[in-house]
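**Student:** take this sequence and fold it.
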Amino acid sequence: RNTILYNLIFIIVGTVTGVATGIMLSELRHRAETKFFQTVLLLPYLLSWVICAYIGYAFLSRETGLLNGILSSLGFAKIDWYNDAGKWPYILLFVNVWKGIGYSSIIYMSSIIGIDRSLYEAAMVDGATKWQQIRFITLPLLKSTMIMLIIMSVGRMFYSDFGLFYQIHMNSGALYSTTQTIDTYVYRMGLQEGKFELATAVGLFKSVINFALVVIANKTAR
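**Tutor:** A predicted model of the protein is given here:
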């Protein structure tokens, strides 16, 4: 359940935020601005999950975390983030988007830059607004790129980013109900509990299902 639902929401939100950010980056007219925002957005993608986990801890720690410090200064009770499973689906979604938006937006921006500018010029002559240009020119011509990335994501539907689901929440046992995925389950069964035959079976099952999903997604896109 966790593996499939997380991946579904990651695909939907990641595609929307990636396309939107790519369009905004393509609208920048100064090279220095473009380079600055590209660097800022891509930096999280280049950080290891260990560093990201400790950045998250700096915000979420019960005693020294920035968020709890703000809550205390406003007179609210501190939140024990690492023992509150209900909040972690939103935290994991935010971290996933924060880390991946730079990479996906650059791919979409590269596709947008390759669109013939005469199409936009003709639309402007016809009185099209910026939103109409995006709706009737940019998005339709981004369709092939979006389909390719979605197929790749669907093909990994039963995979999960191990760093995101194991390290970000500091492997807190209280959060397993909302952070346990197939990959973390295989790791815990195989390396922590020594059930190698079960871990191998689950890994094989995952690979077979992923292959089937790639075939189905590709045929659907065609």
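**Student:** buried ones in the helix or strand where T17 lies, by neighbour count?
**Tutor:** If you go by DSSP states H and E, T17 is part of helix 2-26. For helix 2-26, the buried set under the neighbour-count rule, 16 or more other Cβ atoms under 10 Å, comprises 2-3, 6-7, 10-11, 13-15, 17-19, 21-23, 25-26. Using the backbone N, CA and C atoms, a C-beta is placed for each residue, glycine as well.
**Student:** same question, stretch 32-44
**Tutor:** With burial defined by 16+ other Cβ under 10 Å, the residues of stretch 32-44 counted as buried are F37, Q38, L41, P44.
**Student:** for the first one, list the residues it contacts.
**Tutor:** Looking back up the chat, that one is F37. Neighbour list for F37: L25, L28 [criterion: Cβ atoms under 8 Å, 6 or more residues apart in numbering].
**Student:** name the helix or strand for it, please.
**Tutor:** Secondary structure assigned from DSSP H and E places F37 in helix 31-46.
**Student:** next helix or strand past that helix?
**Tutor:** Using DSSP H and E, the next helix or strand after helix 31-46 towards the C-terminus is helix 49-60.
**Student:** do you know how far the closest residue in space to A221 that isn't next to it in sequence is from Q167?
**Tutor:** Nearest residue to A221, sequence neighbours excluded (Cβ to Cβ, 6 or more residues apart in numbering): I147, at 4.8 Å. From I147 across to Q167, the span is 32 Å (Cβ to Cβ, to the nearest Å).
**Student:** please identify which of these two sits among more neighbours.
**Tutor:** Neighbour count, other Cβ atoms under 10 Å: between I147 and Q167, Q167 has more, with 18 against 15.
**Student:** for that one, give me the pLDDT.
**Tutor:** With respect to pLDDT, Q167 has a value of 89.
**Student:** which SSE is the nearest residue in space to I137 that is not next to it in sequence in?
**Tutor:** Nearest residue to I137, sequence neighbours excluded (Cβ to Cβ, 6+ apart): L119, at 5.2 Å. Assigned by DSSP H and E, L119 belongs to helix 117-125.
**Student:** which other helices and strands contact that helix?
**Tutor:** Counting by 3 or more Cβ pairs under 8 Å, 6 or more residues apart in numbering; DSSP states H and E, the packing neighbours recorded for helix 117-125 are helix 130-133.
**Student:** distance of the residue nearest to I137 from G194?
**Tutor:** Distance of L119 to G194, computed by Cβ to Cβ: 61 Å.
**Student:** between these two, who's got more neighbours?
**Tutor:** Between L119 and G194, counting by other Cβ under 10 Å, L119 is the more crowded of the two (14 against 10).
**Student:** can I assume the more buried one is in contact with F136?
**Tutor:** No. Judged on Cβ atoms under 8 Å, L119 makes no contact with F136 at a distance of 9.3 Å.
**Student:** need the contact list for the nearest residue to I112 once chain neighbours are set aside.
**Tutor:** Leaving aside its sequence neighbours, I112 sits nearest to S26 (Cβ to Cβ, 6+ apart; 4.3 Å). Taking Cβ under 8 Å, 6+ apart, we find S26 in contact with M109, I112, I113.
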